[in-house]
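# Structure, please.
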Amino acid sequence: MWQAAFLIVVTSFSSTLARPNLKPLSIEMVNYINKLNTTWMAGRNFHNIEYRYVQKLCGTLLKGPKLPIMIQYAGGFKLPRQFDSREQWPNCPTLKEIRDQGSCGSCWAFGASEAMSDRICIHSNAKISVELSAEDLLSCCESCGMGCNGGYPSAAWDFWTKNGLVSGGLYDSHIGCRPYTIPPCEHHVNGSRPSCSGEGGETPQCVYRCEAGYTPSYKQDKHYGKTSYSVSSDEDDIKHEIYKNGPVEGAFTVYEDFVLYKTGVYQHVTGSALGGHAIKILGWGEENGIPYWLCANSWNTDWGNNGFELHWPSYTHRSCQHSRSFRSDFHESTMEGEGRVLWMKYGSLLPLLVLVLALWFRPPQDAVLDDRLDAVLSSLLRAERKVGINTADRPRVAIGFGGCVDLIVDGVMLLNKMGLTPANQPHHHDYIENEVQLAQSFAYFFAPGAAAERFMLNETLFNELVEASRDIPGNRWTVGGNAPVMAGRMATEGCDVLLGGSFSPDFTDVLSQHITVAGNEVEEPDIHLILEYPSGASWGQYTSRRANRYIVHSDDHNPYLSSMEDFATKLEEFEPDLLVVGGLQMMDNFPFQAGERKALLSHLAELLSSSSPKIGVHFEMASFVEESIMEDLLQYVVPHADSLGMNEQELPNLLSLLKGTNITVLSDPNPRVATVLDQMREVYRILNKCYKDAVREGNTGGTKVKLLTRLHVHTLAFQAIIVKHGSQWKNTMSATAKASLTANRHVCGSNDIDTTKARLIMDDSFSVSRQEGSQRIPLEETKPVSCWAEDDYEICVAPVLVCTEVYQTAGGGDNVSAAGLVLQI
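Numbers count the residues shown, from 1 in each chain. Below you'll find the model as predicted:
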């Protein structure tokens with residue numbers, strides 16, 4: 001029975017031993033350990049196994065995202081001296097299982113999926129017994145890390161609560177929706193399994209369907225955690241969590257001698273570190289006066305004492321106390337076949353991180369969900385993955401200008417707190433001077449759900465809004481501004497970035513290590529107030545048609561492009577592959593001195609003109625309402641850009657100006673594909689005609705101008721990109737898919753797309769133009785990105801899986817545009 005589980009204890013004795021250089025995993029190391037007569041016995045668990053194979057098994061990444069700490073034990077409750085989850089909840093069979101991760105570094109996924117399975121059974125009073133699929137977690141959680149090459153336990157728990165997991169048993173068991181597909185291998189000489197390879201298994205493909213013959217469907221089979229959290233490293237907190245809610249997962253550094261563990265209470269005595277590993281912790285107790293944690297491993301039953309071990313808690317406690325990176329998420333690991341959980345204890349030389357997750361669980365989906373979304377998502381992901389980033393030679397991108405700190409709040413809640421009543425007559429204002437104008441302007445854009453950004457001349461009112469926002473529930477601060485947001489996305493996607501902006505030290509500290517700042521340091525950054533609202537939100541008699549935001553700012557630094565000089569100096573040495581310009585809307589309606597804005601933009605034009613013609617230049621549009629600045633941009637910026645990015649509001653705005661009419665303040669927030677494509681064609685045609693005419697007539701002002709060779713328009717429902725044939729821009733189909741996926745990832749606030757929180761609003765088929773008799777293109781689930789050639793360019797259109805549980809809309813366009821550019825450099 002499982003009571004035979006062995007103890008692993010760590011004592012200070014180990015730190016005083018001289019450790020000779022012994023061949024790892026050798027019989028010499030076994031004999032050395034056993035001669036020490038410590039608290040455990042060693043033996044050969046692996047025979048004729050390559051060293052790198054054992055390293056491959058240690059796939060837990062110990063430094064990664066953290067979950068919030070939940071402290072539940074406050075004393076006043078006497079914990080038992082011994083506790084075993086298998087005895088406490090005997091009707092939950094997963095508690096007694098030992099699994100086998102095979103030749104894959106998936107211990108982080110096994111530890112998580114098994115503990116999740118245990119807790120579902122425990123908290124349903126054994127009414128629901130399910131083996132959650134380690135494969136579903138391993139292959140589909142993109143935010144978890146690198147699959148078989150390592151993952152973060154905390155991200156696994158977060159994925160369960162946000163995306164859910166289907167069922168899935170052991171290899172070749174045909175149990176559940178997605179059983180494990182990586183076969184176990186033979187650790188022993190005379191075993192029946194195939195030999196273990198040092199190469200290790202490849203990460204299985206993420207598929208959104210169950211194996212043949214299994215019902216219900218993939219979506220119907222999903223199980224969810226309700227909330228993810230961690231517990232402190234305090235020994236009693238950990239015990240109380242296990243006692244009350246079930247097993248937790250521990251992550252720790254594995255040393256070579258651990259691989260040789262057979263029985264007893266483990267302590268590290270010799271050997272080098274192999275890597276991070278995750279196990280499941282089921283309880284605690286004492287053996288011969290030595291305290292221990294009871295744990296289960298995922299290296300099959302022929303490791304240790306039938307797969308189980310004991311771990312010493314006192315040293316665990318001290319080690320975790322001294323670890324600032326300690327996090328507590330719930331993870332579990334098991335092995336194939338029947339066996340026992342092996343518990344062990346580690347001392348200060350082997351720090352243990354206990355990860356606890358998901359107190360409760362959500363039941364499977366009741367309604368039949370649309371499998372079409374799964375097919376579209378799977379196809380978009382395939383298209384995105386066709387092109388990778390060379391991380392050994394990261395693309396270099398220079399981005400200017402400016403930046404801010406975004407304060408994001410519920411817009412309706414803030415206006416109500418300020419005592420602003422809904423305006424009877426919505427009205428557009430170029431800038432905001434008082435509360436009445438703010439209410440009128442907000443109502444103007446709120447009802448149709450259109451994005452807007454306005455400069456607030458009244459600095460006192462702006463400060464009052466900021467102060468009131470600090471008390472709004474759910475408010476949050478984040479890095480803002482077109483340039484920093486695009487820089488952050490590009491750094492995340494694999495680029496090295498030079499960012500032009502004047503930031504405070506605190507602002508710079510939170511930027512990626514792949515971002516280099518060029519610009520003066522300021523004491524206080526500019527603040528932008530983001531008034532977010534969801535689809536269907538109500539404010540008086542107004543109801544929003546879609547989720548969006550209304551932004552107000554009262555900047556001091558950004559309108560002056562104060563970082564431009566330092567940026568220009570560092571640009572030549574940086575040698576970028578791409579130069580991006582954004583944030584110029586901060587000049588809109590700003591009270592410059594006469595001629596001051598033109599001088600700044602003229603300086604910017606010189607910078608762009610002096611850059612190498614081999615460097616692509618992208619200009620990211622924004623919300624402009626002042627006609628004179630739009631005219632200045634057409635004179636000083638647009639002629640030097642060969643790529644433009646904009647949304648469904650900014651496209652008709654630009655086109656109106658190009659055609660000589662008044663700019664468009666408010667356009668359809670949900671335009672049809674044909675309408676957008678026709679507008680894109682016109683912008684492309686007019687700008688390139690202007691370029692050719694200027695070159696022919698010698699009217700370029702002595703500066704280098706460029707043909708427009710790329711145009712990206714991002715809307716709520718779809719992404720559309722035009723690229724000129726033979727231009728430097730590549731991978732248009734994959735870039736369009738990536739832009740589409742990024743839209744969902746950003747707005748939902750998760751790198752992992754959950755189709756239960758998404759919908760398609762693009763038509764099942766679309767016309768390529770509003771002209772009569774134009775071709776209609778159907779939306780094919782297996783090929784959702786439609787690309788075709790016209791004239792001298794290619795057009796690609798991809799549907800967006802529109803997020804239905806909005807986390808944040810602000811910065812969406814910048815993230816989407818940056819993601820599309822990354823694959824086209």
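# Just say helix, strand or coil for residue 156.
Secondary structure for residue 156, judged by DSSP: H, G, I helix; E, B strand; the rest coil, is helix.
# Excluding sequence neighbours, find me the nearest residue to it.
Leaving aside its sequence neighbours, residue 156 sits nearest to residue 112 (Cβ to Cβ, 6 or more residues apart in numbering; 3.9 Å). From N, CA and C alone the C-beta is placed, and that goes for glycine too.
# In a strand, that neighbour, correct?
No: applying three-state DSSP, one finds residue 112 to be helix, outside a strand.
# Name the helix or strand of the protein that has the lowest mean pLDDT.
Least confident element among the helices and strands of the chain, by mean pLDDT, DSSP states H and E: helix 313-321 (a mean of 32).
# circling back to that earlier point, surely the residue nearest to residue 156 meets residue 154?
No: with contact defined as Cβ atoms under 8 Å, residue 112 does not count as touching residue 154 (9.2 Å).
# Looking only at neighbour counts, state which of the two leads.
Legend: neighbour count by other Cβ atoms under 10 Å for residue 112 and residue 154, higher for residue 112 (39 against 29).
# Give me the buried stretch members for the strand or helix carrying residue 56, please.
Residue 56 belongs to helix 51-57 when elements are defined using DSSP states H and E. Applying a neighbour-count criterion of 16 or more other Cβ atoms under 10 Å, one finds 53-57 buried in helix 51-57.
# Go through those residues and name the one nearest residue 42.
For the buried residues of helix 51-57, the minimum distance to residue 42 (Cβ to Cβ) is 14.5 Å, reached by residue 54.
# for that closest one, what are its contacts?
Taking Cβ atoms under 8 Å, 6 or more residues apart in numbering, we find residue 54 in contact with 25, 46, 259, 274.
# Let me know the pLDDT of it.
The model reports residue 54 with a pLDDT of 80.
# Give me the distance between it and residue 788.
Counting by Cβ to Cβ, to the nearest Å, the separation of residue 54 from residue 788 is 52 Å.
# Check residue 165 too.
From residue 165 over to residue 788 the distance is 39 Å, taken as Cβ to Cβ.
# Who has more neighbours out of the two?
A direct count of neighbours by other Cβ under 10 Å for residue 165 and residue 788 places residue 165 higher, at 29 against 11.
# That one pairs with what?
Listed by DSSP bridges, the beta-bridge partners for residue 165 are residue 223.
# Tell me who's in contact with it.
Going by Cβ under 8 Å, 6+ apart, residue 165 touches 113, 116, 132-133, 136-137, 159, 222-223.
# again, 7 Å this time
Each residue near residue 165 by Cβ atoms under 7 Å, 6 or more residues apart in numbering is listed here: 113, 116, 132-133, 136-137, 222-223.
# ok, the residues you listed vs residue 293, which is closest?
Nearest to residue 293 among the contacts of residue 165, counting by Cβ to Cβ, is residue 116 at 19.3 Å.
# Now name the helix or strand holding that closest one.
Assigned by DSSP H and E, residue 116 belongs to helix 107-123.
# on contacts alone, who are the packing partners of whatever helix or strand comes next after that helix?
Counting by DSSP H and E, the next helix or strand C-terminal to helix 107-123 is helix 134-140. Applying 3 or more Cβ pairs under 7 Å, 6 or more residues apart in numbering; DSSP states H and E, one finds that helix 134-140 makes contact with helix 107-123.
# Do me a favour and average the pLDDT over the helix it packs on.
Helix 107-123 carries an average pLDDT of 92.
# And for stretch 476-496?
When pLDDT is averaged over stretch 476-496, the result is 94.
# do stretch 176-190 as well
The predicted model assigns stretch 176-190 a mean pLDDT of 77.
# what does stretch 611-620 give?
Mean pLDDT, stretch 611-620: 93.
# distance between the ends of it?
One end of stretch 611-620 to the other measures 18 Å (Cα to Cα, to the nearest Å).
# Tell me how far the helix holding residue 116 lies from the chain's centre.
23 Å (Cα atoms, centre = their mean, to the nearest Å).
# Need the contact partners of the top helix by length along the chain.
Assignment by DSSP state H gives helix 673-697 as the longest helix of the chain. Contact with helix 673-697 is made by 638-639, 648, 651-652, 654-655, 658, 700, 705, 707-708, 711, 713, 715, 718, 720, 722, 762, 766-770, 774, 793, 795, 797, as judged by Cβ under 7 Å, 6+ apart.
# List the buried residues for that helix?
Residues of helix 673-697 classed as buried: 673-684, 687-688, 690-691 (neighbour count, 16+ other Cβ under 10 Å).
# Rounded mean pLDDT for it, please.
Helix 673-697 carries an average pLDDT of 92.
# Can you list the buried residues in stretch 750-761?
Within stretch 750-761, the residues scored as buried using 16+ other Cβ under 10 Å are 750-758, 760.
# What does residue 25 show for phi and psi?
With angles defined as degrees, to the nearest 10, residue 25 sits at phi 70, psi 10.
# do the same with residue 751
With angles defined as degrees, to the nearest 10, residue 751 sits at phi -70, psi -20.
# ok, back up a step: mind listing which of the contacts of helix 673-697 are in helices?
Among the contacts of helix 673-697, the residues falling in helices (DSSP H) are 651-652, 654-655, 658.
# tell me the SS of residue 813?
Classified using three-state DSSP, residue 813 is helix.
# what's across from the closest residue to it other than its chain neighbours in the sheet?
Of all residues not flanking residue 813 in the chain, residue 647 sits nearest, at 5.2 Å (Cβ to Cβ, 6+ apart). Note on residue 647: beta-bridge partners by DSSP bridges are residue 714.
# Could you check how far residue 647 is from residue 619?
Distance, residue 647 to residue 619, by Cβ to Cβ: 14 Å.
# Residue 716 too?
Residue 716 sits 22 Å away from residue 619, going by Cβ to Cβ.
# same question, residue 159
Counting by Cβ to Cβ, the gap from residue 159 to residue 619 is 37 Å.
# between the two, which one's more packed in?
Between residue 159 and residue 619, counted using other Cβ under 10 Å, the more crowded position is residue 159 (28 against 22).
# Now for the more buried one: which residues touch it?
When contacts are counted by Cβ under 7 Å, 6+ apart, residue 159 touches 137, 141, 143-144, 752.
# count of residues packed around residue 582?
When counting by other Cβ under 10 Å, one arrives at 27 neighbours for residue 582.
# Which pLDDT value belongs to it?
Each residue has a pLDDT score; the one for residue 582 is 95.
# So it sits against residue 620, correct?
Yes: the pair residue 582 / residue 620 is scored as a contact, 3.8 Å apart, by Cβ atoms under 7 Å.
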